[in-house]
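**Q** quick one: sequence and predicted model below, then my questions.
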Amino acid sequence: MKLILNEKHLSSFKRWASRAYPREVYSIMLGKRLKNNTFKISRIVVPPIVEATYDYVIPDYNEIEKIVSSSGLDYIGSIHSHPQASPTVSSHDYQYWDKNEGEVLGILSIRKRNSYKVTELKFWKKNSSLPVRFKTFKPNGE
Ligand SMILES: [Zn+2]
């Protein structure tokens, strides 16, 4: 599996996650499945949130279904931040991934240094211990 992501949407997500630090933020990824097991993520969208703590965010899954069906795109998965933690799948992530999440789980680690923040982004798919390879594309006319 490979991912190509809308660079503009990805950098907006990163900026937002950095501003929100140390709170966790959550978005969904919409796009299309291409040939060769490649997924093109053209939109990263913030859904309505049911519950948010400093450790996790629970989105409104009914609203996500509506957003997806009106977008004309497929639900590829979700992406969220891990403030001051590694970009690996937590037990809470596993629990919700089984129930509701899509193919791919993106996790952005954000760690604060003295005057700046260090980020590390990884994408995971189920039943694989290796992260999914990804790159970005520049959107046209957005
Ligand atoms: Zn997590």
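**A** Yep, it's here. Numbering: from 1, shown residues only.

**Q** surely residue 132 and residue 5 touch.
**A** No. Residue 132 is beyond contact range of residue 5, at 10.9 Å (criterion: Cβ atoms under 8 Å). To be clear about C-beta, it is placed using only N, CA and C from the backbone, and glycine gets the same treatment.

**Q** Three-state assignment for the residue in the chain that the ion sits nearest to, please.
**A** Nearest residue of the chain to the ion (Cβ to the ion) works out as residue 93 at 4.0 Å. Three-state call for residue 93 (DSSP: H, G, I helix; E, B strand; the rest coil): helix.

**Q** just the pLDDT for it.
**A** If you check residue 93, the pLDDT there is 89.

**Q** wait, isn't it in contact with residue 107?
**A** Yes. Using Cβ under 8 Å, residue 93 is in contact with residue 107, at 7.4 Å.

**Q** for the chain, which spans come out with low pLDDT?
**A** 98-101, 141-142 (pLDDT under 70).

**Q** which stretches in it count as helices?
**A** 7-20, 61-71, 91-99 (DSSP state H).

**Q** got the CA coordinates for the last one in PDB?
**A** These are the backbone C-alpha positions of helix 91-99, laid out as PDB (Å, rounded to 0.1, in the frame of the first residue of the first chain):
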ATOM      1  CA  SER A  91      -4.500   0.600  22.700                       C
ATOM      2  CA  HIS A  92      -7.300   3.200  22.500                       C
ATOM      3  CA  ASP A  93      -6.600   3.600  18.800                       C
ATOM      4  CA  TYR A  94      -6.800  -0.200  18.200                       C
ATOM      5  CA  GLN A  95     -10.100  -0.400  20.000                       C
ATOM      6  CA  TYR A  96     -11.700   2.300  17.800                       C
ATOM      7  CA  TRP A  97     -10.000   1.200  14.600                       C
ATOM      8  CA  ASP A  98     -11.700  -2.200  14.800                       C
ATOM      9  CA  LYS A  99     -15.100  -0.600  15.100                       C
END
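
**Q** show me what from the protein comes close to the ion.
**A** Contact residues, the chain versus the ion (Cβ under 5 Å from the ion): 90, 93.

**Q** residue closest to the middle of the chain?
**A** residue 79 (1.3 Å; Cα atoms, centre = their mean).
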